[in-house]
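1. how would this look folded up:
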Amino acid sequence: MEKFDVIVIGAGPGGYPAAIRSAQLGASVAIVEKEYAGGTCLNWGCIATKSLIACSDLFAHIKRAQSFGIETGKLSYDYAAMSRRKNDVVSKLRGGVEGLLKANKVTVFKGTASFVDRQHVTVTAADGTQTALETKATIIASGSTSAVPGFLPKNERVMESRAFLELTKLPASLLVLGGGVIGCEFACMAAQLGVKVTVVELLSDILMMVDADVRNELRRHMEAMGIRVLTGKALEKVEATAKEVKGQFGDETLTADMLLVSVGRRPVTAELKLENVGIAVSKAGFIPVDDFGRTTAASIFAIGDVTGIAQLAHAATSQGVTAAENAVNPKKRKMDKLVPACIFTSPEIGSVGLTEQQAKEKGLTVKTGKFGFAHLGKAMAAGETNGFVKWVADASTGQLLGAHAVGLHATELISEATAAVRAELTAEELGRTIHCHPTLSETWMEAAHALLGHCIHAPPARR
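-> As a prediction, the model looks like this:
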């Protein structure tokens, strides 16, 4: 039986950083992964989708090339080639993760991990071979998988995101069930490549976790792209044949070549045998943890999607590093709770901290400041003037409580705002920070000025 100081279950964006950080701290480390290094994020999520979105964005930009004085002639695309490029990107990054684990002397076991007790883990390989391991501490990073409602028919035309990413040819028309992050990202990607897309969301709007001003801007742009966005009712009576998928939205019958199911993700815990270590999951199946990443079982930590805290790769990475430090060092460190989010729709969205609606629900009195890309020289030069950035601040102190961006490179811009909110800066402090010109990041300075009532580059608010 091999013995380790730390065993990590899952080699995704939370697991492999946890293993590497544990090794950096001098621990002997093993990591168990049943599929591929990098987990869902790298192989069938973040990286895979963004590779295809990069292709569709470029295609959309080239279609507007004439407005820049560039003649392109007739345009077409090869989706199979786009898919191959996606696979190449994934393969290179996966190899990079494997190399990092090897360089840090992390022992990799291929198979499914399950607990015997708190100090012993069994790894079952695909051929049924079992390996017994002993550990002082364990970090669970088993991730999540797509949730597929039981009422949907089992048919090759009904698929979740992982299967959709394996396609080498896009359908002519697509129904998207679910207006969350995954559904909206895929909808925009497909629409930019000419697919007729309809999004159906049970709730009153898409992306309900996002600031209302931001999601209204995105919905307007999606509809301008030709995407039908239907909200407030369920998609019912779904049927699938060899030729099409159809379902009922109120009194209307919707038909398409394919149905993409994107109604959320569920944690992967069934194979862990958590009952052997006394860990009970929540009603939704997630593993409860405290502020340090500890489960109810001594010496066992959990991070990432499996905890249900924030189903974001960068959140999992941060949690993984913290859990590793807490597993190895006697002095414990709390996990960071301020987690920015980025959504790769068209236009992009970035957000951090409180939305205006959340702040008001908490009983806070807030002031907001917005600045549109339409007023920004860099955005005009780039031909991308849709969207804006927005600050949410405490009305009495000016402390920045949240930031939201929708538009060109919003997913990059949100990092500055995250640092400002984390540092508890005020709108005045941010506004007095000199920003380079002409840049997109100037929008944060201008929005801070707008919040304070003295924005230079936008008309004064009407009284």
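
2. Tell me how many other residues surround the spatially closest residue to residue 373 that is not a sequence neighbour.
-> Of all residues not flanking residue 373 in the chain, residue 379 sits nearest, at 3.9 Å (C-beta to C-beta, 6 or more residues apart in numbering). Yep, even glycine has a C-beta here, placed from its N, CA and C like the rest. Here the count is done by other C-beta atoms under 10 Å, and residue 379 has 23 residues near it.

3. Residue 379 touches residue 408, doesn't it?
-> Yes: the criterion here is C-beta atoms under 8 Å, and residue 379 meets it with residue 408 at 5.9 Å.

4. hey, what's in contact with both of the two?
-> 373, 440 (C-beta atoms under 8 Å, 6 or more residues apart in numbering).

5. For the residue nearest to residue 373, which three-state class applies?
-> helix (DSSP: H, G, I helix; E, B strand; the rest coil).

6. Begin at 835 from now on, thanks
-> That works, and once the first residue is 835, the last one we named lands at residue 1213.

7. Tell me who's in contact with it.
-> By C-beta under 8 Å, 6+ apart, residue 1213 lies in contact with 1207, 1219, 1241-1242, 1274.

8. before we move on, what about residue 1158?
-> So residue 1158 contacts 840, 851-853, 855-856, 859, 973 (C-beta under 8 Å, 6+ apart).

9. 7 Å instead, please
-> Residue 1158 sits next to 852, 855-856, 859, 973 when contact means C-beta atoms under 7 Å, 6 or more residues apart in numbering.

10. just residue 1260 next, same as before
-> So residue 1260 contacts 1231-1234 (C-beta under 7 Å, 6+ apart).

11. same thing with residue 1010?
-> With C-beta under 7 Å, 6+ apart, residue 1010 has these contacts: 1017, 1020-1021, 1031-1034, 1094, 1096.

12. at 8 Å instead, please
-> 1017, 1020-1021, 1031-1034, 1093-1094, 1096.

13. For the nearest residue to residue 1245 once chain neighbours are set aside, which residues are in contact?
-> Spatial nearest neighbour of residue 1245, excluding adjacent residues (C-beta to C-beta, 6+ apart): residue 1176 at 3.7 Å. Residues in contact with residue 1176 (C-beta under 8 Å, 6+ apart) are 1182-1185, 1244-1245, 1248.

14. remind me, longest helix of the protein?
-> Ordering each helix of the chain by length in residues (DSSP state H) puts helix 913-937 first.

15. Next secondary structure element downstream of that helix?
-> Where DSSP states H and E defines the elements, the next helix or strand beyond helix 913-937 is strand 941-944.

16. Quick check: neighbours of that following strand in the sheet, parallel or antiparallel?
-> strand 863-867 (parallel) (DSSP bridges).

17. how about the partner strand: buried residues?
-> Using 16 or more other C-beta atoms under 10 Å as the test for burial, strand 863-867 gives 863-867.

18. try stretch 854-870
-> Buried residues in stretch 854-870 (16+ other C-beta under 10 Å): 854-857, 861-868, 870.

19. what's the answer for stretch 1155-1167, then?
-> 1155-1162.

20. Run the chain-centre distance for it.
-> 25 Å (C-alpha atoms, centre = their mean, to the nearest Å).

21. and if you look at stretch 1237-1249?
-> 14 Å.

22. got it, and stretch 1123-1139?
-> Taking mean C-alpha positions (C-alpha atoms, centre = their mean), stretch 1123-1139 and its chain are 22 Å apart.

23. I'd like the average pLDDT over it.
-> Stretch 1123-1139 comes out with an average pLDDT of 96.

24. repeat for stretch 1086-1101
-> 96.

25. end-to-end on it?
-> Terminal residues of stretch 1086-1101 lie 34 Å apart, using C-alpha to C-alpha, to the nearest Å.

26. Equivalent analysis for stretch 977-997, please.
-> 18 Å.

27. Residues touching it, excluding its own?
-> Everything outside stretch 977-997 that qualifies as a contact, by C-beta under 8 Å, 6+ apart, is 844, 846, 848, 873-874, 878-879, 883, 1011, 1016, 1020, 1072-1075, 1078-1079, 1091-1102, 1138-1140, 1145.
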